[in-house]
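# What follows is a predicted protein model with its sequence.
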Amino acid sequence: MIGRFVITLALSLCTAPLMNAQEAESYGVEKAMPLSYQKIKATLSYPLSWEKSGRENFDHWKEQGVKKLLECLSPAPPIVPFNLKVLETEQRNGYSVEKIAFNISAFDRTSAYLLIPTIGKAPYPAIVLMHDHGAKFSIGKEKMVRPLKSEEKRIISEYGKKLSPNGKPQLEQTPLIEATDQWVKACYDGTYVGDYFASKGYIVLVTDALLWGERGRKDGSDYNAQEALACNLQQMGYSWCGIMTFDDISSVNLLKGLPQVDKDRIGTLGFSMGAHRAWMLSSACKDIKAGAAICWMNTTDSLMTMTNNQNKGGSAWSMLVPGLVNYMDYPDVAALACPKPMLFFNGLKDKLFPVGGVKDAYQTMHKVWKSRGADDRLITKFFDGPHFFSKPMQEEVLLFFDKYLKK
């Protein structure tokens, strides 16, 4: 019987139809997206969203949501004394710029710009200012504050788009002030945003996020390094976004300890990745009293498509919180800041953030603020423009902060 079974099996295998050409060329991934991405997205139910779990007890929902957010961001780098030192000071019109160094955690000592008004009377309101991503790693804090005169000629290095004779990207070297002036013109309408707010009576603190500026790559900034950095951090139990968020919380704690700062009037502001950092910080840190996020809000459903920039990976690593999407969507996380005053601007021609997804996210957030009778404290607005922080937008953000952070 066994011999007959083996012969029958062998014959059936020999006579089985060959795999046709279409089956032979089948695949499970297109570009960098699994073909099943629609089915995967359908499994996301966001059980800790306000719609699902917060309607009956807002305070309990917020407590659980913040707890889960911090859990997904964790572990936090160990905390040590700041040991703040002023490296250099420069006087400008109505404010001074200090380049400082401090222990942002036990892992890193970083430099930063601290802008302090010289008009008016202390203690002043303060803003933790967040720089963008922009795939421009050679500068960070300098995107937001004009470099000191002593730094203007400092040479920065990054791998550009030009190729050497052997076909590899060339390491380009540029004077710092040339790079920052070009960036500010391209993204901020020619305005160094930190200087703008300092001239209006705000203390401003801006640091380099890990991989940018003076916390950048020793051998020249390189776009491809960010994926390896994120993977290496995860292999050691940390996440890149977690490091950034806890560093930003550390910046708030530094400001709270400065005698010139009114610790009850600290806000946060950022553009692009800086906006993501701003609303994350607003939700994670009770000491932030108001936040403004320019050009970063959407839904997972709208961003994770075959055509959106997010599906390429790359820059998305810096804003990825492992596991968080199993509990909350982006607007759910931002809504944890409720009932704080929050401002969100997006561009109608912003190719990174589909308008439909922005509208859905705004609607989700407004439901939460309305439930607390605080919908007037949530400002959501579209500007008829691209991914850009224009002067008119900056002026509206100033009015927003003046309303909620100035007595």
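Noted; the coordinates are in hand.

# And the strands in this structure?
Along the chain, counting by DSSP state E, strands occupy 29-30, 33-34, 85-92, 95-103, 109-117, 124-130, 155-163, 169-175, 203-207, 261-271, 290-294, 342-347, 378-383.

# So for residue 241, which of the ones you listed sits nearest?
If you check each of the strands of the chain against residue 241 by Cβ to Cβ, strand 124-130 wins as the nearest, at 12.7 Å. For the C-beta atoms, the positions are set from N, CA and C on the backbone; glycine is no exception.

# list the helices and strands that closest one packs on?
helix 193-199, strand 203-207, helix 240-256, strand 261-271, helix 273-284, helix 391-405 (3 or more Cβ pairs under 8 Å, 6 or more residues apart in numbering; DSSP states H and E).

# how distant is it from the center of its chain?
Averaging C-alpha positions (Cα atoms, centre = their mean, to the nearest Å) puts strand 124-130 17 Å from its chain's average.

# List the buried residues in it.
For strand 124-130, burial by neighbour count (16 or more other Cβ atoms under 10 Å) applies to 124-130.

# Residues contacting it, please?
Contacts to strand 124-130, defined as Cβ atoms under 8 Å, 6 or more residues apart in numbering, come from residues 116-117, 144-145, 193-194, 197, 201-206, 209, 248, 251-252, 255, 260-262, 265-271, 273-275, 277-278, 281, 288, 401, 405-406.

# pLDDT below threshold where in this protein?
Applying pLDDT under 70 to the chain flags residues 1-25, 163-164.

# Reformat the buried residues of strand 124-130 as JSON lines; add distance to residue 292.
Shown next, in JSON lines, are those (distance: Cβ to Cβ, whole Å):
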{"residue": "124", "distance to residue 292": "18"}
{"residue": "125", "distance to residue 292": "13"}
{"residue": "126", "distance to residue 292": "14"}
{"residue": "127", "distance to residue 292": "9"}
{"residue": "128", "distance to residue 292": "11"}
{"residue": "129", "distance to residue 292": "10"}
{"residue": "130", "distance to residue 292": "10"}
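
# what's the closest of these to residue 395?
residue 127 (15.1 Å).

# beta partners of that closest one?
Taking DSSP bridges as the rule, residue 127 bridges to residue 204, residue 267.

# From residue 198, how far out is it?
Computed with Cβ to Cβ, to the nearest Å, the distance linking residue 127 and residue 198 is 9 Å.

# and if you look at residue 325?
37 Å.

# Looking at these two, which one has more neighbours?
Neighbour tally, residue 325 and residue 198, criterion other Cβ atoms under 10 Å: the higher count belongs to residue 198, 28 against 18.

# How about the contacts made by that one?
Contacts of residue 198 were listed using Cβ under 8 Å, 6+ apart, and they are 92, 94-95, 97, 115-117, 204.

# could you dump the residues you listed to TSV with distance to residue 232 and neighbour count?
Formatted as TSV, the contacts of residue 198 follow (distance: Cβ to Cβ, whole Å; neighbours: other Cβ atoms under 10 Å):
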residue	distance to residue 232	neighbour count
92	39	14
94	43	14
95	39	24
97	34	22
115	34	25
116	37	20
117	41	21
204	32	28
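
# wait, which of the residues you listed is closest to residue 39?
Nearest member of these to residue 39, counting by Cβ to Cβ, is residue 204, at 46.0 Å.

# re earlier: what's the closest of the strands of the chain to residue 372?
Residue 372 lies closest, by Cβ to Cβ, to one member of the strands of the chain: strand 378-383, at 9.8 Å.

# is it true that residue 257 touches residue 81?
No - Residue 257 is beyond contact range of residue 81, at 10.4 Å (criterion: Cβ atoms under 8 Å).

# Now render the contacts of residue 198 as a markdown table, adding distance to residue 46.
Formatted as a markdown table, the contacts of residue 198 follow (distance: Cβ to Cβ, whole Å):
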| residue | distance to residue 46 |
| --- | --- |
| 92 | 46 |
| 94 | 46 |
| 95 | 43 |
| 97 | 43 |
| 115 | 39 |
| 116 | 42 |
| 117 | 42 |
| 204 | 35 |
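
# quick check, nearest of those to residue 28?
Nearest to residue 28 out of the contacts of residue 198 is residue 204 (Cβ to Cβ; 48.3 Å).

# Verify the stated contact: the closest one with residue 196.
No - counting by Cβ under 8 Å, residue 196 is not a contact partner of residue 204; they are 9.1 Å apart.

# Please enumerate residues in contact with stretch 368-375?
With Cβ under 8 Å, 6+ apart as the contact definition, stretch 368-375 has outside contacts at 50, 54-55, 58, 335, 338-339, 366, 377-378.

# contacting residues for residue 119?
94-95, 201.

# list the contacts for residue 62?
Contact analysis of residue 62 by Cβ under 8 Å, 6+ apart lists 54, 336, 338.

# Show me which of those are buried.
Among these, those buried by neighbour count (16+ other Cβ under 10 Å) are 54, 336, 338.

# Now render those as JSON lines, adding distance to residue 214.
Converted to JSON lines, the buried ones among the contacts of residue 62 look like this (distance: Cβ to Cβ, whole Å):
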{"residue": "54", "distance to residue 214": "41"}
{"residue": "336", "distance to residue 214": "32"}
{"residue": "338", "distance to residue 214": "36"}
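
# how close does the spatially closest residue to residue 146 that is not a sequence neighbour get to residue 182?
Spatially, and ignoring its direct neighbours in sequence, residue 146 is nearest to residue 192 (4.6 Å; Cβ to Cβ, 6 or more residues apart in numbering). When distance is defined by Cβ to Cβ, residue 192 is 13 Å away from residue 182.

# Tell me which of those two has more neighbours.
Neighbour count, other Cβ under 10 Å: between residue 192 and residue 182, residue 192 has more, with 21 against 13.

# isn't the more buried one right up against residue 145?
Yes - look at residue 192 against residue 145 with Cβ under 8 Å: they come within range, at 5.8 Å.
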